[in-house]
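J.: Quick one, what's the 3D model for this:
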Amino acid sequence: MPIVVAVEPLLYNATLVTAGTLLGVAAGLLGRSGDKSVEFGLGFTGGVMLVASFTSLILPGVEGWGFWQVGAGIAAGVALVHLLNAAVPHEHLIKGYEGPAAMIGKLRKSWLIAMAITIHNIPEGLAVGVATAYSAELGFATALAIAIQDVPEGVAVVMPLLRIGLRTPIVVGVLSAVVEGASVIASGISASALLALLGVAMGLAGGAMIYVTVAELFPEIYAEGKDKKQPTFGFVAGTLTMLFLDTFYS
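T.: Okay, here's the model as predicted:
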């Protein structure tokens with residue numbers, strides 16, 4: 001059975017995913033990635049997130065705590081991200097503005113994009129923190145996969161913001177990295193303190209990741225008129241990567 005998470009692996013995994021995001025931001029600032037490589041990278045992100053939702057969270061949770069705890073958590077995770085989307089003003093590159101109608105035009109586009117990235121990164125941090133609370137090995141495998149996919153994700157975050165200037169993408173990129181790392185620590189500590197309800201926490205993190213992948217990421221990378229091959233190849237690569245890491249560290 002799982003034990004209370006030690007501080008060291010939790011901090012290590014939080015540092016790992018934070019570093020992955022910062023590396024992606026730096027790559028986006030210094031390099032010039034083409035559209036195809038970004039689309040491949042975002043597809044890779046989707047593959048990692050979707051597989052991690054099941055192999056790192058939902059399936060181990062069902063095995064340890066049963067369907068009802070995990071099922072309730074999945075529903076809560078979906079509801080949480082849906083409510084954040086409805087309550088927090090933010091903007092996607094393809095889907096455009098989402099959030100309260102009263103806030104349209106009242107915030108700068110750069111901060112609306114930053115809000116969208118934050119909503120996206122919180123479930124990733126939750127996934128790593130809760131997986132670490134369940135098992136240090138599983139937590140590391142999840143953190144490593146998330147850190148790898150954070151690199152192309154960071155590049156995708158920075159590229160559209162470079163049109164505004166250099167300062168904005170740096171601030172937004174660092175903010176997204178800090179939010180993700182903080183989510184790892186907060187969720188890991190919370191889940192460790194409530195081991196009897198860890199199944200709910202694992203379902204919540206998994207449900208949130210599924211929602212972000214299906215409702216937020218896929219519509220962006222499979223928008224009408226965009227190349228379907230590169231994100232699909234990336235998705236398969238991300239799927240295989242997460243499956244390998246989960247098998248290797250289990």
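
J.: ok, now which ones touch the residue most central in space within the chain?
T.: Taking CA atoms, centre = their mean, the centroid of the chain lies closest to residue 124, which sits 3.1 Å from it. By CB atoms under 8 Å, 6 or more residues apart in numbering, the contact list for residue 124 reads 17, 49, 146, 150, 180, 183, 209. Yep, even glycine has a C-beta here, placed from its N, CA and C like the rest.

J.: if you set the cut-off to 7 Å instead, what comes out?
T.: By CB atoms under 7 Å, 6 or more residues apart in numbering, the contact set of residue 124 is 17, 146, 180.

J.: Throw those residues into a markdown table and include secondary structure, neighbour count and pLDDT, thanks.
T.: As requested, the contacts of residue 124 are arranged in a markdown table below (DSSP: H, G, I helix; E, B strand; the rest coil; neighbours: other CB atoms under 10 Å; pLDDT from 0 to 100):
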| residue | secondary structure | neighbour count | pLDDT |
| --- | --- | --- | --- |
| 17 | helix | 29 | 94 |
| 146 | helix | 30 | 92 |
| 180 | helix | 28 | 92 |
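
J.: do you know how far the closest residue to residue 42 other than its chain neighbours is from residue 44?
T.: If the residues on either side of it in the chain are set aside, residue 42 comes closest to residue 221, at 4.8 Å by CB to CB, 6 or more residues apart in numbering. Going from residue 221 to residue 44 by CB to CB, to the nearest Å gives 10 Å.

J.: Who has more neighbours out of those two?
T.: Taking other CB atoms under 10 Å, residue 221 and residue 44 do not tie; residue 44 has more neighbours (28 against 24).

J.: just checking, that one touches residue 237?
T.: Yes. Residue 44 is within contact range of residue 237, at 5.4 Å (criterion: CB atoms under 7 Å).

J.: got any ranges where the protein has weak pLDDT?
T.: Residues of the chain meeting the criterion pLDDT under 70: 1-6, 31-36, 92-96, 106-107, 109-110, 224-225, 250.

J.: make it 90
T.: For the chain, applying pLDDT under 90 flags the ranges 1-9, 21, 24-43, 45, 84-122, 135-137, 149-177, 190-197, 215-231, 245-250.

J.: residue boundaries of the strands in it?
T.: Using DSSP state E, the strands of the chain run over residues 90-92, 96-98.

J.: So residue 70 versus residue 13, what's the distance?
T.: Residue 70 sits 22 Å away from residue 13, going by CB to CB.

J.: Mind listing what's buried along stretch 196-207?
T.: The neighbour-count check on stretch 196-207 (16 or more other CB atoms under 10 Å) flags 197-207 as buried.

J.: Could you find the closest non-adjacent residue to residue 234?
T.: Closest residue to residue 234 apart from its sequence neighbours, by CB to CB, 6+ apart: residue 43 at 2.8 Å.

J.: doesn't residue 241 make contact with the one you found?
T.: No. Residue 43 lies out of contact with residue 241 (CB under 7 Å); the separation is 11.8 Å.

J.: So between these two, which is more surrounded?
T.: A direct count of neighbours by other CB under 10 Å for residue 43 and residue 241 places residue 43 higher, at 28 against 18.

J.: Surely residue 176 is in contact with residue 122?
T.: No. Applying CB under 7 Å as the test, residue 176 and residue 122 come out as separate, 10.0 Å apart.
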